[in-house]
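got a predicted structure here, sequence first:
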Amino acid sequence: MFPPQAPAPEWDKTGDYVDGQLVVYAMTHRKRLLKVGKKMSLRDVFEAAKSKQGEPRDGLELKEGCLTFVVLPKGDVEKNWVEEFKKARDSQ
């Protein structure tokens, strides 16, 4: 997100949000979690979010008219966030 030689933004107290150390996720209407690859275009993400034939309708989730993507540093933060997302999704 930010080049390593640039100063970290003030909200990134630990300097974790640097290029090459991030992962991006998108959520679908059916609460599937999609890991967005570095070379994926927005079109690719839309295609990955579509439901397969014969399955209930799906697609990227809009919140207040905006697509939602989550950007996380790789490692424990990512692992914990994914676990919490799945727990919340499965408890509904």
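Looks like it came in fine.

quick one: the strands in this structure?
For the chain, strands defined by DSSP state E occupy the ranges 22-27, 33-36, 62-63, 66-67, 69-73.

residue closest to the middle of this structure?
By C-alpha atoms, centre = their mean, the chain has its centre lying nearest to residue 25, at 1.4 Å.

just checking, that residue touches residue 67?
No - Residue 25 is beyond contact range of residue 67, at 11.9 Å (criterion: C-beta atoms under 8 Å). Yep, even glycine has a C-beta here, placed from its N, CA and C like the rest.

before we move on, back to that, which one of the strands of the chain lies closest to residue 52?
strand 33-36 (13.6 Å; C-beta to C-beta).

can you list the strands that the closest one pairs with?
Looking at strand 33-36 with DSSP bridges, its partner strands are strand 22-27 (antiparallel).

for residue 59, give me its contacts.
Taking C-beta atoms under 8 Å, 6 or more residues apart in numbering as the criterion, residue 59 is in contact with 28-29, 46, 49-51.

pLDDT at it, what is it?
At residue 59, the predicted lDDT confidence score is 94.

how near is it to residue 34?
Taking C-beta to C-beta, to the nearest Å as the measure, residue 59 falls 11 Å from residue 34.

for residue 72, same thing?
14 Å.

who does the lowest-mean-pLDDT helix or strand in the chain pair up with?
Of all helical and strand segments in the chain, the minimum by mean pLDDT, DSSP states H and E falls on strand 62-63, at a mean of 89. Using DSSP bridges, the strands paired with strand 62-63 are strand 66-67 (antiparallel).

pick the most buried one from the strands of the chain.
Comparing those by mean neighbour count (mean count of other C-beta atoms under 10 Å), strand 22-27 ranks first with a mean of 18.
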